[in-house]
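Participant: A predicted structure for the sequence below; I have some questions about it.
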Number of protein chains: 2
Amino acid sequence: MDKLNLDQHISRQFNRELEDVRNRVLAMGGLVENQIAGAIRSLIESDASVAQAVIDGDGQVNAMEKEIDEECNLILARRQPAASDLRLVIVILKTITDLERMGDEAERIARLASRLAEGDQPAHRYRELGRLGGYVQSMLRDALDGFARLSPKVAVDLARADETVDAEYEVIMRQNITYMMEDPRNVRRTLDMSFVARSLERIGDHAKNIGEYIIYLVEGKDLRHAPVEEMEREIGGGGKESESP
Amino acid sequence: MDKLNLDQHISRQFNRELEDVRNRVLAMGGLVENQIAGAIRSLIESDASVAQAVIDGDGQVNAMEKEIDEECNLILARRQPAASDLRLVIVILKTITDLERMGDEAERIARLASRLAEGDQPAHRYRELGRLGGYVQSMLRDALDGFARLSPKVAVDLARADETVDAEYEVIMRQNITYMMEDPRNVRRTLDMSFVARSLERIGDHAKNIGEYIIYLVEGKDLRHAPVEEMEREIGGGGKESESP
């Protein structure tokens, strides 16, 4: 926290504004977490009413993104922040875009779950998708936690978790192809399940993005598209570890 | 153009910087256009070497995003822009994110095309996907054109075009389900084709996003998630039409 000088501003009001907008990002993140949890639950439990609640809830995610976006624009215009304050505002603008996209994926999953709930329920009860969902949910939790604690180390964990998610996704897709080839009656449902898997995998990508923004925020380095080893070297190297005590 | 006061800055150097970064966005857009065109061509012509060129080219798209991003950060930090200049920088930051994502989709399509090129070629030669690809290519062209001319009217056209793209996408998906049910040997290929369709549909979404940023840039209104009718009312209404002569 100290590295970002959040409490060394001449203007206490400015401090409060930055603190406020950070808290709003975390609140938006919490809402998106709920949306994703609801989407996965609606799938596993074949519950169309939970799915509908998620679909209806996406408007609130969008509204929060818009509000935070406007608040950031106001801060940029009025306060003309520099250095780490400026990075914070830029990172927030990027983070909320990823959160909003995760919300869109949750809505997509809920729509698919709603359609799947109409048909027969498969014996496997979407076990693999539930597991993949669990992975990406914990990725989002870590990303928000890393953002709250300004911990760049989280980015490395997220990059590694994303590799696991991608591998799980491939396993699910291979399995889906087998289901569809075995029996044409499985095609429609399995195609929907494939899209759920794809959406979950993308949620993992977005969580990973947030990790990379945290590195940029804390270390001032843009490590997007960098391999995880480089990321680890860059943040682990110079004793720049900046986890809050 | 006049509404944005691009040439009324005290500092000519600042003017040049803004002009430069705008041109770079257009250059990045041109590169992404090529990537998408290559991806579609590699699919239609079953040409794995074209697909490979697209896959290799994605690094350049990512590098351009990073460079423009850094340039925007420098401008924000040094020039502390206000009003329409600030909006321009924010819009550029958002636009390059969407362009980079379109580049990712092009890469995904190329990877699928490369895999599809290994198998037998279907009689339909991906005609529907080629048509969907044509639609989203012209959406991106319109978006970049709208950005260059600062024309908010483009946003309305893009929102309407996106509705057409979504409808075409649904038709393709229904057709794909039929293919897969008809013959299990079609499953693998048709699943890949479904993902191509999904990626094309997303490219359309990103082009629509750019249209919405242009409205925000020119009119100062955030009309994301607004229905197309509201968009039309807002930009058509008060004689605020601001197409360059």
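Facilitator: Looks like it came in fine.
Participant: now stretch A:32-43: mean pLDDT?
Facilitator: Mean pLDDT, stretch A:32-43: 98.
Participant: dump the residue contacts of A:Gln35.
Facilitator: A:54, A:57-58, A:61, A:102-103, A:106-107 (Cβ atoms under 8 Å, 6 or more residues apart in numbering or on different chains). Where you see a C-beta, it was placed from the backbone N, CA and C, and this is true even at glycine.
Participant: residues in contact with the spatially closest residue to A:Arg224 that is not a sequence neighbour?
Facilitator: Nearest-residue entry for A:Arg224: A:Glu212, 5.0 Å, with adjacent residues in sequence omitted and distances by Cβ to Cβ, 6 or more residues apart in numbering or on different chains. Contacts for A:Glu212 (Cβ under 8 Å, 6+ apart) come out as A:155, A:222-224, A:231.
Participant: before we move on, the earlier item: from the contacts of A:Gln35, which is closest to A:Leu18?
Facilitator: When these are ranked by distance to A:Leu18 (Cβ to Cβ), A:Val61 comes first, at 22.3 Å.
Participant: the closest one against A:Glu33, yeah?
Facilitator: No. Using Cβ atoms under 8 Å, A:Val61 is not in contact with A:Glu33, being 10.8 Å away.
Participant: between these two, which one's more packed in?
Facilitator: Per other Cβ atoms under 10 Å in any protein chain shown, whichever of A:Val61 and A:Glu33 has more neighbours is A:Val61, with 24 against 17.
Participant: pLDDT score assigned to that one?
Facilitator: 97.
Participant: which non-adjacent residue is nearest it?
Facilitator: If the residues on either side of it in the chain are set aside, A:Val61 comes closest to A:Gly103, at 3.6 Å by Cβ to Cβ, 6+ apart.
Participant: count the neighbours of the one you found for me.
Facilitator: By other Cβ under 10 Å, 28 other residues sit near A:Gly103.
Participant: tell me, how many residues neighbour the closest residue to A:Ala226 other than its chain neighbours?
Facilitator: Spatial nearest neighbour of A:Ala226, excluding adjacent residues (Cβ to Cβ, 6+ apart): A:Glu234 at 7.6 Å. Each residue near A:Glu234 was counted by other Cβ under 10 Å, and the total is 18.
Participant: just checking, what packs against the helix or strand hosting A:Glu234?
Facilitator: For A:Glu234, the host element (DSSP states H and E) is helix A:228-236. Packed against helix A:228-236, as judged by 3 or more Cβ pairs under 8 Å, 6 or more residues apart in numbering or on different chains; DSSP states H and E, are the following elements: helix A:153-182, helix A:187-219.
Participant: return the distance of the residue most central in space within chain A relative to A:Glu219.
Facilitator: Geometric centre of chain A, nearest residue: A:Ala207, 3.6 Å, by Cα atoms, centre = their mean. Using Cβ to Cβ, to the nearest Å, one gets 19 Å for the distance from A:Ala207 to A:Glu219.
Participant: next: A:Ile172.
Facilitator: A:Ile172 is 35 Å from A:Glu219, by Cβ to Cβ.
Participant: on the pLDDT front, check A:Gly119 for me.
Facilitator: A:Gly119 is assigned a pLDDT of 84 by the prediction.
Participant: quick check: it touching A:Val187?
Facilitator: No. Look at A:Gly119 against A:Val187 with Cβ under 8 Å: they stay out of range, at 11.7 Å.
Participant: the two - which one has more neighbours?
Facilitator: In this view A:Gly119 and A:Val187 are compared by other Cβ under 10 Å, and A:Val187 has more residues nearby, 25 against 12.
Participant: tell me the pLDDT at the residue nearest to the more buried one when sequence neighbours are not counted?
Facilitator: Leaving aside its sequence neighbours, A:Val187 sits nearest to B:Met180 (Cβ to Cβ, 6+ apart; 4.5 Å). pLDDT, B:Met180: 91.
Participant: is it true that B:Met180 touches B:Asn186?
Facilitator: Yes. Using Cβ under 8 Å, B:Met180 is in contact with B:Asn186, at 5.5 Å.
Participant: higher neighbour count, those two?
Facilitator: Comparing B:Met180 with B:Asn186 by other Cβ under 10 Å, the one with more neighbours is B:Met180, at 27 against 19.
Participant: hmm, back to that, need the contact list for the residue nearest to A:Val187.
Facilitator: B:Met180 neighbours (Cβ under 8 Å, 6+ apart): A:180, A:184, A:187, A:191, B:186-187, B:190-191.
Participant: can you pick out the most distant pair from those?
Facilitator: Longest span within these, Cβ to Cβ: A:Pro184 and B:Leu191, 13.7 Å.
Participant: out of those two, which sits in the busier spot?
Facilitator: Using other Cβ under 10 Å, the more surrounded residue of A:Pro184 and B:Leu191 is B:Leu191, with 20 against 16.
Participant: spit out the contact partners of that one.
Facilitator: Contacts of B:Leu191 (Cβ under 8 Å, 6+ apart): A:173, A:176-177, A:180, A:191, A:194, B:180.
Participant: also A:Ala113?
Facilitator: Counting by Cβ under 8 Å, 6+ apart, A:Ala113 touches A:39, A:42-43, A:46-48, A:51, A:196.
Participant: does A:Asn73 really touch B:Ala83, like I thought?
Facilitator: No. Counting by Cβ under 8 Å, A:Asn73 does not reach B:Ala83; the two are 10.6 Å apart.
Participant: so which of those two has more stuff around it?
Facilitator: Taking other Cβ under 10 Å, A:Asn73 and B:Ala83 do not tie; A:Asn73 has more neighbours (18 against 11).
Participant: what comes up buried for the helix or strand hosting that one?
Facilitator: Using DSSP H and E, A:Asn73 sits in helix A:48-79. Neighbour-count burial for helix A:48-79, counted by 16 or more other Cβ atoms under 10 Å in any protein chain shown, picks out A:48, A:50-55, A:57-58, A:61-62, A:64-66, A:68-69, A:71-73, A:75-76, A:79.
Participant: ok and the longest helix along chain A relative to helix A:187-219, angle-wise?
Facilitator: Longest helix of chain A, by residue count under DSSP state H: helix A:83-118. Calculated by axes from the mean of the first three to the mean of the last three Cα atoms, to 10 degrees, helix A:83-118 forms an angle of 170 degrees with helix A:187-219.
Participant: distance between helix A:83-118 and the chain's centre?
Facilitator: For helix A:83-118, the separation from the chain centroid amounts to 6 Å (computed by Cα atoms, centre = their mean, to the nearest Å).
Participant: now do stretch A:116-126: everything it contacts.
Facilitator: Outside stretch A:116-126, the residues touching it (Cβ under 8 Å, 6+ apart) are A:42-44, A:46-48, A:51, A:188-189, A:192-193, A:196.
Participant: how far does it sit from its chain's centre?
Facilitator: In terms of Cα atoms, centre = their mean, the centre of stretch A:116-126 is found 27 Å from the chain centre.
Participant: stretch A:33-53 too?
Facilitator: Averaging C-alpha positions (Cα atoms, centre = their mean) puts stretch A:33-53 17 Å from its chain's average.
Participant: using PDB, write out every CA atom in that stretch.
Facilitator: Output of stretch A:33-53 as PDB, limited to C-alpha atoms (Å, rounded to 0.1, in the frame of the first residue of the first chain):
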ATOM      1  CA  GLU A  33     -18.700 -13.300  -8.300                       C
ATOM      2  CA  ASN A  34     -22.400 -13.700  -7.400                       C
ATOM      3  CA  GLN A  35     -23.400 -13.700 -11.000                       C
ATOM      4  CA  ILE A  36     -20.900 -16.400 -11.900                       C
ATOM      5  CA  ALA A  37     -21.800 -18.500  -8.800                       C
ATOM      6  CA  GLY A  38     -25.500 -18.200  -9.700                       C
ATOM      7  CA  ALA A  39     -24.900 -19.100 -13.300                       C
ATOM      8  CA  ILE A  40     -23.000 -22.300 -12.300                       C
ATOM      9  CA  ARG A  41     -25.600 -23.200  -9.800                       C
ATOM     10  CA  SER A  42     -28.400 -22.700 -12.300                       C
ATOM     11  CA  LEU A  43     -26.600 -25.100 -14.500                       C
ATOM     12  CA  ILE A  44     -25.800 -27.800 -12.000                       C
ATOM     13  CA  GLU A  45     -29.200 -27.700 -10.300                       C
ATOM     14  CA  SER A  46     -31.100 -27.200 -13.600                       C
ATOM     15  CA  ASP A  47     -32.800 -24.200 -12.000                       C
ATOM     16  CA  ALA A  48     -34.300 -21.900 -14.600                       C
ATOM     17  CA  SER A  49     -35.400 -19.300 -12.000                       C
ATOM     18  CA  VAL A  50     -31.800 -18.900 -10.700                       C
ATOM     19  CA  ALA A  51     -30.700 -18.600 -14.300                       C
ATOM     20  CA  GLN A  52     -33.300 -15.800 -14.800                       C
ATOM     21  CA  ALA A  53     -32.100 -13.900 -11.800                       C
END
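Participant: all set now, cheers.
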